[in-house]
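Engineer: Following is a predicted model, sequence given first.
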Amino acid sequence: MLDIQGRKYAAVTVCDVTLYDINTKYPVMYFDTLQLTSVEGNNEVTEIQGGKGNPILASISHSKNVDVQFDDAIMTMSSLAVLTGGELSSTRDPHKNVTITMAQTEIIEIKKDATEIELSNAPKAGTYVYIAEMIDGVLSTVTRTINTVEANKKVALNLFNNYEASKNDANYRVFYEYEIGLDNDTTNGNELAVLSDKFAGTYRFIGDTVLFNQYNGNNDVFQIEVPKLKLNGSFSFSFNAATEAAVFSFQGKALRDDMGRMIVFRQIEGGNAANSEDAANKQLDGSHIAIPAEFVTIESDGTMKEDTETTSM
């Protein structure tokens, strides 16, 4: 039986979201640091008018649409891969020999009688090293090694094209590339390649949260399922100097599944008590002394049983 006036709830927190692969059914991403979870449904209406005064004779609803958005306060490379549909590579992958090329720039001091420079990392073999002298805070013309270099932190100065030693000690800015993930290198790194022909996929969306029960003051379990959520691969980064955290927004549209469902809402009344035996006859004892409070069993005459079981609220 449906209630004419159902229980009233207040939404007071965000959802934790899990995305499942449509084909394998495996969970592929879990979000527990969201700032916003929103679900918006709408549809279009076609109105038919006619007769004297041209009144509306019929109003036909169609083109139902459900939009889902969830904003993550914390970024992971895995979540970016889901958002962009990109290919994620990791040096920690035991099944692949993955190396990642990093671009590096640093300032080094070159003594007036020096014959070589020593870099923080060994340049990538087969690449060039570039240097520019810093004169009164201004970078001079850049010069590079005549040929590509070996993977060695020390680079001879006579390898640079048209290099002229300063009469005094001088600071130079160096530009080069180096690799991580090589043999005997324990550095962990990830690389995400966003490809032109790959897009964000379709996932099963599960959002878990709680609703505040206005009647009894408890938080009841509430779950949102979108059987088929097509993610929108649009993204933007805003890195602010004012220390404001960048928010990573995920947006998608609900697709119709084989059963005609676009979105499903589920609710469990009574919180943890609803999962225990004889849930209808159990309630929190209201004690502020015992933390966590105890569930007590209520007899048919309204009295409590002597035995209680402790459970977390």
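Structural biologist: Looks like it came in fine.

Engineer: For Ser38, give its distance to Val17.
Structural biologist: 12 Å (Cβ to Cβ, to the nearest Å). In this view, the C-beta of every residue, glycine as well, is placed from N, C-alpha and C.

Engineer: who touches both of those two?
Structural biologist: Phe70 (Cβ atoms under 8 Å, 6 or more residues apart in numbering).

Engineer: Quick check: closest non-adjacent residue to Lys64.
Structural biologist: Among residues not flanking Lys64 along the chain, Asn43 sits closest, at 4.4 Å (Cβ to Cβ, 6 or more residues apart in numbering).

Engineer: Return the set of buried residues in stretch 178-189.
Structural biologist: 178-182, 189 (16 or more other Cβ atoms under 10 Å).

Engineer: Flag the least confident of these.
Structural biologist: In terms of pLDDT, Leu182 ranks lowest among those, with 86.

Engineer: what ranges of the protein fall below the confidence cut-off?
Structural biologist: Within the chain, the ranges that satisfy pLDDT under 70 run 1-5, 270-313.

Engineer: all helices for it, in order.
Structural biologist: Secondary structure of the chain (DSSP state H): helices at 77-84.

Engineer: what domains does the record give for it?
Structural biologist: Here the domain assignment for the chain is 1-41+62-86+194-269, 100-189, 272-313, based on automatic domain parsing.

Engineer: Identify whichever of those lies nearest to Asp93.
Structural biologist: domain 100-189 (9.3 Å; Cβ to Cβ).

Engineer: thinking again about what came up before, so the residue nearest to Lys64 makes contact with Asn65?
Structural biologist: Yes: with contact defined as Cβ atoms under 8 Å, Asn43 reaches Asn65; the gap is 6.4 Å.

Engineer: And stretch 240-250, end to end?
Structural biologist: Using Cα to Cα, to the nearest Å, the span of stretch 240-250 from its first residue to its last is 20 Å.

Engineer: make that stretch 199-218, sorry
Structural biologist: Span of stretch 199-218 from end to end, Cα to Cα: 42 Å.

Engineer: Please apply the same query to stretch 90-102.
Structural biologist: Stretch 90-102 end-to-end distance (Cα to Cα) = 14 Å.

Engineer: what's the answer for stretch 195-210, then?
Structural biologist: OK, stretch 195-210 end separation, Cα to Cα: 38 Å.

Engineer: isn't Lys154 right up against Ala114?
Structural biologist: No: using Cβ under 8 Å, Lys154 makes no contact with Ala114, being 10.9 Å away.

Engineer: Which one of these two is surrounded by more residues?
Structural biologist: Neighbours around Lys154 and Ala114, counted as other Cβ atoms under 10 Å, are more numerous at Ala114. The numbers are 16 against 11.

Engineer: which residues touch that one?
Structural biologist: Per Cβ under 8 Å, 6+ apart, neighbours of Ala114: 157, 165.

Engineer: Ramachandran angles for it?
Structural biologist: Note on Ala114: its backbone torsions stand at phi -70, psi 150 [degrees, to the nearest 10].

Engineer: got the domains of the chain as JSON lines, with distance to Glu47 columns?
Structural biologist: Below are the domains of the chain laid out as JSON lines (distance: least, Cβ to Cβ, whole Å):
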{"stretch": "domain 1-41+62-86+194-269", "distance to Glu47": "12"}
{"stretch": "domain 100-189", "distance to Glu47": "58"}
{"stretch": "domain 272-313", "distance to Glu47": "44"}
